[in-house]
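**Student:** Pasted the sequence and its predicted model underneath.
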Amino acid sequence: MYDKQEGNTAKVALSFDGKQAGQGSLDNVVLGMYFASSEPFDVGVDNGGAVDRKSYTSPFKFSDTLNWVRFDLKQE
């Protein structure tokens with residue numbers, strides 16, 4: 001979930017399989033650089049532009065089993 005707030009801030013929530021896993025706020029949103037409809041954050045599928053156009057073309061769906069995903073978040 002992404003809920004734009006006043007100024008360059010937003011409230012966000014991360015969900016997995018329909019269940020909320022975390023929530024927080026963004027203090028410095030980069031406006032207009034990315035669009036959720038064209039470049040969403042996907043795991044196991046790439047519906048937007050290919051990250052490495054030499055390795056695969058988009059749309060691309062991972063065809064094996066994805067056992068885990070690791071996120072390292074940096075707070076400043």
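**Tutor:** Thanks, I have the structure now. Numbers count the residues shown, from 1 in each chain.
**Student:** Give me the domain ranges for the protein.
**Tutor:** Taking automatic domain parsing as the criterion, the chain consists of the domains 1-30, 34-64.
**Student:** Of all those, which one is nearest L73?
**Tutor:** With Cβ to Cβ as the measure, domain 1-30 is the member of the domains of the chain nearest L73 (9.3 Å). Quick note: C-beta positions are derived from backbone N, CA and C, even for glycine.
**Student:** that older thread, I'd like the domains of the chain as TSV, with mean neighbour count, mean pLDDT and distance to R70 appended.
**Tutor:** Output for the domains of the chain, formatted as TSV (neighbours: other Cβ atoms under 10 Å; pLDDT from 0 to 100; distance: least, Cβ to Cβ, whole Å):
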stretch	mean neighbour count	mean pLDDT	distance to R70
domain 1-30	11	86	14
domain 34-64	11	70	11
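**Student:** I'd like those domains as TSV, with distance to F71 appended.
**Tutor:** Below are these laid out as TSV (distance: least, Cβ to Cβ, whole Å):
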stretch	distance to F71
domain 1-30	9
domain 34-64	10
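**Student:** Quick check: the gap between the residue in the chain sticking out farthest from the centre and F62.
**Tutor:** Within the chain, the residue lying farthest from the chain centre (Cα atoms, centre = their mean) is K54, at 22.3 Å. The gap separating K54 from F62 is 18 Å, by Cβ to Cβ, to the nearest Å.
**Student:** measure N28 to Q5 for me?
**Tutor:** To Q5, N28 is 12 Å away according to Cβ to Cβ.
**Student:** One more: F60?
**Tutor:** For F60 relative to Q5 (Cβ to Cβ), the value is 34 Å.
**Student:** now swap in K19 and tell me
**Tutor:** According to Cβ to Cβ, K19 and Q5 sit 24 Å apart.
**Student:** same question, V69
**Tutor:** According to Cβ to Cβ, V69 stands 27 Å off from Q5.
**Student:** secondary structure class for the nearest residue to G22 once chain neighbours are set aside?
**Tutor:** Among residues not flanking G22 along the chain, L14 sits closest, at 4.7 Å (Cβ to Cβ, 6 or more residues apart in numbering). Three-state call for L14 (DSSP: H, G, I helix; E, B strand; the rest coil): strand.
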